[in-house]
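Student: Only the shape, not the letters, is given here:
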């Protein structure tokens, strides 16, 4: 059965967790969490990493924005992991919806509401995000 694109797009919202192979510069499937969808239908998201990037050593502002995700809370994870709340990645809602329809990306779960709120609170206070990014994706 061919699922309508509008139905797929309607299931993409803040807190949706996906797994995808669409990132050409990453040689493996990658988990990510939708943090917001702006008025131009651009999805902002953060990547999930199994460990903290070693290049963040000595960069306290970036280390502070590594949000722990426990395997016990998110059964699809193989390990306790980290949501890297350091840079809002962006993709068009159309491209994301197409990748789901093409089975390149799948929705694997939802981030717990209290975890979403903690991430948003930290991100809104962080100097890593511009007022424009905050307005578009974090409010």
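Tutor: Received, thanks. The shown structure was predicted, so the numbers you read here are calculated from the model rather than taken from an experiment.
Student: Let me know the helix or strand that the residue nearest the centre of the chain is in.
Tutor: Centroid-nearest residue in the chain: residue 33, 2.3 Å away (criterion: Cα atoms, centre = their mean). Residue 33 is located in strand 30-37, with elements delineated by DSSP states H and E.
Student: who's in contact with the next helix or strand after that strand?
Tutor: Using DSSP H and E, the helix or strand that follows strand 30-37 in sequence is strand 42-49. If you take Cβ atoms under 8 Å, 6 or more residues apart in numbering as the criterion, strand 42-49 is touched by 12, 17-18, 30-38, 69, 77, 81-93, 96, 119, 133, 136-137. C-beta here means a position set from N, CA and C on the backbone, and glycine is covered the same way.
Student: repeat for stretch 98-116
Tutor: So stretch 98-116 is in contact with 2-3, 5, 8, 11-12, 14-22, 31, 33, 67, 69, 73-76, 96, 119, going by Cβ under 8 Å, 6+ apart.
Student: Let's see which of the residues you listed end up in strands.
Tutor: 16, 17, 18, 19, 20, 31, 33, 67, 69 (DSSP state E).
Student: for residue 61, helix, strand, or coil?
Tutor: Here residue 61 is recorded as helix under DSSP: H, G, I helix; E, B strand; the rest coil.
Student: longest single helix anywhere in the protein?
Tutor: helix 113-125 (DSSP state H).
Student: And the contacts of strand 42-49, which of them are buried?
Tutor: 12, 17-18, 30-37, 69, 77, 81-86, 88, 91, 93, 96, 119, 133, 136-137 (16 or more other Cβ atoms under 10 Å).
Student: I'd like the distance from the longest helix of the chain to the chain centre, please.
Tutor: 13 Å (Cα atoms, centre = their mean, to the nearest Å).
Student: any idea of the angle that helix forms with strand 42-49?
Tutor: Inter-element angle recorded for helix 113-125 and strand 42-49: 110 degrees (by axes from the mean of the first three to the mean of the last three Cα atoms, to 10 degrees).
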